[in-house]
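Enquirer: Sequence and computational prediction follow.
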Amino acid sequence: MNTPTKRLRLGPLPRQEVTKLTFVCPASLKADLERYAALHAQTYGEVVDVVTLIPYMLDAFMAGDRGFKKKTS
C-alpha cells in the first residue's frame, strides 16, 4: 500500500519545445536523477525520464540562485 508522498519541489512538467544537449555526469548523480524521476512519476502519475527532467531542474536551480539573478538583471 502506497502512502501519499509530499509534493516535490519540481512539480508537474509543462509541455515545451526542447533542444538536445549532451553532458557527462558521475554515475552517482545519474543514479540520483533516476531515483528522482521514479519518485516524480509516482507522485504525479506521469512517467518522465531523466533527460526530460534535467532542463526543469536546471531552470529551477537558476531561478533560485540570487547571485545569478543579481548579475543578470
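Expert: Received the coordinates, thanks.

Enquirer: Next up, phi/psi of V18, please.
Expert: When read as degrees, to the nearest 10, the backbone of V18 gives phi -120, psi 160.

Enquirer: does it really touch I54, like I thought?
Expert: No - V18 is beyond contact range of I54, at 10.4 Å (criterion: C-beta atoms under 8 Å). Yep, even glycine has a C-beta here, placed from its N, CA and C like the rest.

Enquirer: So those two - more neighbours on which side?
Expert: Shown here are V18 and I54; by other C-beta atoms under 10 Å, I54 has more neighbours (16 against 9).

Enquirer: low-scoring pLDDT stretches of the protein, where are they?
Expert: 1-5 (pLDDT under 70).

Enquirer: What residues of the longest helix belonging to it count as buried?
Expert: For the chain, the longest helix by residue count, based on DSSP state H, is helix 27-44. Neighbour-count burial for helix 27-44, counted by 16 or more other C-beta atoms under 10 Å, picks out 33, 36-37, 40, 43-44.

Enquirer: Convert it to PDB, retaining C-alpha atoms only.
Expert: Extracted C-alpha coordinates of helix 27-44, given in PDB (Å, rounded to 0.1, in the frame of the first residue of the first chain):
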ATOM      1  CA  ALA A  27      27.400   7.600 -12.100                       C
ATOM      2  CA  SER A  28      26.200   8.600  -8.600                       C
ATOM      3  CA  LEU A  29      24.400  11.700 -10.000                       C
ATOM      4  CA  LYS A  30      22.800   9.600 -12.800                       C
ATOM      5  CA  ALA A  31      21.500   7.200 -10.100                       C
ATOM      6  CA  ASP A  32      20.100  10.000  -8.100                       C
ATOM      7  CA  LEU A  33      18.500  11.500 -11.200                       C
ATOM      8  CA  GLU A  34      16.900   8.200 -12.000                       C
ATOM      9  CA  ARG A  35      15.600   7.800  -8.400                       C
ATOM     10  CA  TYR A  36      14.200  11.400  -8.600                       C
ATOM     11  CA  ALA A  37      12.500  10.600 -11.900                       C
ATOM     12  CA  ALA A  38      10.900   7.500 -10.400                       C
ATOM     13  CA  LEU A  39       9.600   9.400  -7.400                       C
ATOM     14  CA  HIS A  40       8.300  12.200  -9.700                       C
ATOM     15  CA  ALA A  41       6.400   9.600 -11.700                       C
ATOM     16  CA  GLN A  42       5.000   8.100  -8.500                       C
ATOM     17  CA  THR A  43       4.000  11.500  -7.200                       C
ATOM     18  CA  TYR A  44       2.400  12.900 -10.300                       C
END
